[in-house]
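Chemist: the following block contains a protein sequence and its predicted model.
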Amino acid sequence: MLSEKMQKALNDHFTAELYSSYLYLSMAAYFGDKSLTGSASWMKIQALEEMVHAMKFYDYIEERGGRVVLQPIAQPPSEWASPEKVFEEVLDHERHVTSLVNDLVALAIEEKDFATHNFLQWFVGEQVEEEASADEVLQTLRLAGEGGNGLFMVDRELGQRTFTMPPDVAIPGL
């Protein structure tokens, strides 16, 4: 059973993961409006991944006898100065999420909640991957420059990303 403090922290993080999904959908819409369909696709897949992360928290809270509490999700931005600025925000956002995960790990240790500590280890590793992925795209965009052929090539490459539903997550309809 989860402590009240841990249940609240996990619910807060569940909401943070939903916001991440919402943010990336907003970024997808921005790219779609700019006819950067590969970048839009990359962001839609990122949004799906964040929804999977949220559902992992949802399922874990229920599995531990807790109650999932839906909270308001803040409106994300909808405009950026450039594709590079979008990915700068992605990297900053993923660093923020890493700090949130680290805070959850610290709370699990403080509360001697070893099951939650174990659950969170997947997210610790996932955040390393998320930050590296965002940084790689950002560095590639910086090398390509602001527009023209370089941006076109990066956009095409980003469009090659695919999504695979993890076998341990069940989202009805997906």
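Modeler: Perfect, thanks for sending it.
Chemist: what's the spacing between the most centrally placed residue in the chain and residue 144?
Modeler: Residue closest to the average C-alpha location in the chain (C-alpha atoms, centre = their mean): residue 50, at 4.0 Å. From residue 50 across to residue 144, the span is 26 Å (C-beta to C-beta, to the nearest Å). Heads up, the C-betas are built off the backbone N, CA and C, glycines and all.
Chemist: ok, the residue nearest to the centre of the chain touching residue 25?
Modeler: No: if you go by C-beta atoms under 8 Å, residue 50 and residue 25 don't touch, sitting 9.2 Å apart.
Chemist: the helices in the chain, which residues?
Modeler: Remark: helices assigned in the chain by DSSP state H are 4-33, 37-63, 83-110, 114-144, 148-158.
Chemist: okay but residue 162 is in contact with residue 44, surely?
Modeler: No: the pair residue 162 and residue 44 fails to qualify as a contact (C-beta under 8 Å) at a distance of 11.3 Å.
Chemist: in terms of neighbours, single out the busier of the two.
Modeler: residue 44 (19 against 6; other C-beta atoms under 10 Å).
Chemist: the residue nearest to the more buried one when sequence neighbours are not counted: neighbour count?
Modeler: Among residues not flanking residue 44 along the chain, residue 28 sits closest, at 4.7 Å (C-beta to C-beta, 6 or more residues apart in numbering). A count of nearby residues for residue 28, using other C-beta under 10 Å, gives 22.
Chemist: going forward, the N-terminal residue is numbered 28.
Modeler: With the count now opening at 28, the last piece we talked about shows up as residue 55.
Chemist: so where's the protein shaky on pLDDT?
Modeler: 174, 196-201 (pLDDT under 70).
Chemist: wait, which of the helices of the chain is closest to residue 102?
Modeler: Taking C-beta to C-beta, helix 31-60 is the member of the helices of the chain nearest to residue 102, at 8.1 Å.
Chemist: packing partners for the closest one?
Modeler: helix 64-90, helix 110-137 (3 or more C-beta pairs under 8 Å, 6 or more residues apart in numbering; DSSP states H and E).
Chemist: will you turn the ones you listed into a markdown table that also has distance to residue 97?
Modeler: Below are the helices and strands packed on helix 31-60 laid out as a markdown table (distance: least, C-beta to C-beta, whole Å):
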| stretch | distance to residue 97 |
| --- | --- |
| helix 64-90 | 10 |
| helix 110-137 | 18 |
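Chemist: return the most buried member of these.
Modeler: Among those, the stretch with the highest mean neighbour count (mean count of other C-beta atoms under 10 Å) is helix 64-90, at a mean of 20.
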